[in-house]
Structures are given as structure tokens and as C-alpha cells.
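Chemist: pasting the structure only:
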């Protein structure tokens, strides 16, 4: 079992550019959530995808968008990058078929630096 | 006010010490409660779930007080390998995890 995999692991972008981050969930999981973790802070919920639809969204601007594919993998897109978007982006997978206490497993994250 | 508040620390303790972390949460609709551990520049990993009845896993004991909206974690006989950041987490909505800022623990020889 490969667990949750994210790509790339590190990325450097310039202000104003666009970026796409990718996540493959753990085998058997159908739900993908994305989090942003700034240095010294806890992860902040961006949004969650289930059945290829955005189910919940945190307090992030529309520059942050996502997608889920039929194989449950997901992408996070960020447009018009700002210096403040520099952070560790974490993907968590879980299953909606289980109980509400189903453990969420995190990928190793993508460290995005905006210069 | 933050939804989940924790003392960021760091807590510096010697090996073998007992250390306690606390956190409070503001939304009474919070459904589930967890402690996650995060090592430097790594992803968070579930340490344990937290229940009102209290639960223990080896040297770790977690407790939830719903009336006070307060969660605690007790680590006994601290090991060097316990050095990490401990994140207090509640869920709002289905599996929407709300994290505190984390409490940093440094265990020294």
C-alpha cells in the first residue's frame, strides 16, 4: 500500500504564476482534503473533494481551486501566486463510507516557495 | 478567537519526565477530537483519538471535557523520540479537521 502520495515534493514559483499540486489517495479511500500549513502554524483546511465535487471549503479565496478525478486522485490549483502562498500543502485522504471517526492519512506534502 | 487554541511552547523536559498539554476549542458543534504528532518538516500523523471517558495508549493518556471544551494529553516517562510538535485537532463537518497551532516538545538527555 503506497499510502497518500503527493507531487512534486518541492516547488519554487514566481509571484503571479499558477501552480498545480497533485495527490493520490490511499488505496480504498474516496475523499481528499487539502490543507495549507504556513511556518509555525497548524494546517488550515482549504477544501474537500468527494465524488468529484467540492463538498466543503475553508476560508480561502477563489484563486484556490481543485479537482477530483474518477480514480479519486486530486489536484490543487493556485492562480496569481502571492508571496503569502508560500507554505507546505498537505493532502489528506479518508473514506466517507466509514464512520465519522475514520482516520485521515496525510501525504508528505508539497513545499511551495513563491519568490 | 482561534477555533482551537494551544500553548505553542516549547516545553523543554528531561528524559523520564511527565508532561501535559492542553487545548481548548470554541465550537461546541465539534464532533471528534484527536491529537496528531508532527515531526519537523514532515506530515502530521494521528497519535490518538480523544474520548470523554479518557483513553490511554501506553505512555500517552488523552482526555476530553465537552462541558469545558477542553482537551488534554499526558505523556509519561518522556523519551528523546517524543520530541515533536503535538497538534490538537477537532472535526467540524465531515472530516474537516481544524488544527491548533501545535505545541512543541523538546525532550533532552
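Modeler: It's in. This structure is a prediction, so every number in the text was calculated from the model and none was measured.
Chemist: Close to chain A: what parts of chain B are there?
Modeler: For chain B, the residues in contact with chain A (CB under 8 Å from any CB of the partner chain) are B:4, B:8, B:31-32, B:41-46, B:49, B:87, B:91, B:93-102. Where you see a C-beta, it was placed from the backbone N, CA and C, and this is true even at glycine.
Chemist: Helix, strand, or coil at the most centrally placed residue in chain A?
Modeler: Using CA atoms, centre = their mean, the residue of chain A that lies closest to the mean C-alpha position is residue A:34, 2.9 Å off. Applying DSSP: H, G, I helix; E, B strand; the rest coil to residue A:34 yields a three-state assignment of strand.
Chemist: Give me the nearest residue to it, chain neighbours excluded.
Modeler: Here the nearest residue to residue A:34 in space, its sequence neighbours aside, is residue A:46; by CB to CB, 6 or more residues apart in numbering or on different chains that works out to 4.3 Å.
Chemist: element containing that neighbour, please.
Modeler: When elements are defined using DSSP states H and E, residue A:46 is found to belong to strand A:44-50.
Chemist: my read: residue B:29 touches residue B:96, true?
Modeler: No. With the criterion set as CB atoms under 8 Å, residue B:29 and residue B:96 do not qualify as a contacting pair; they are 11.4 Å apart.
Chemist: so residue B:28 sits right up against residue B:69, yeah?
Modeler: Yes. Here residue B:28 reaches residue B:69: they are 6.6 Å apart, a contact under CB under 8 Å.
Chemist: In terms of neighbours, single out the busier of the two.
Modeler: Taking other CB atoms under 10 Å in any protein chain shown, residue B:28 and residue B:69 do not tie; residue B:69 has more neighbours (16 against 8).
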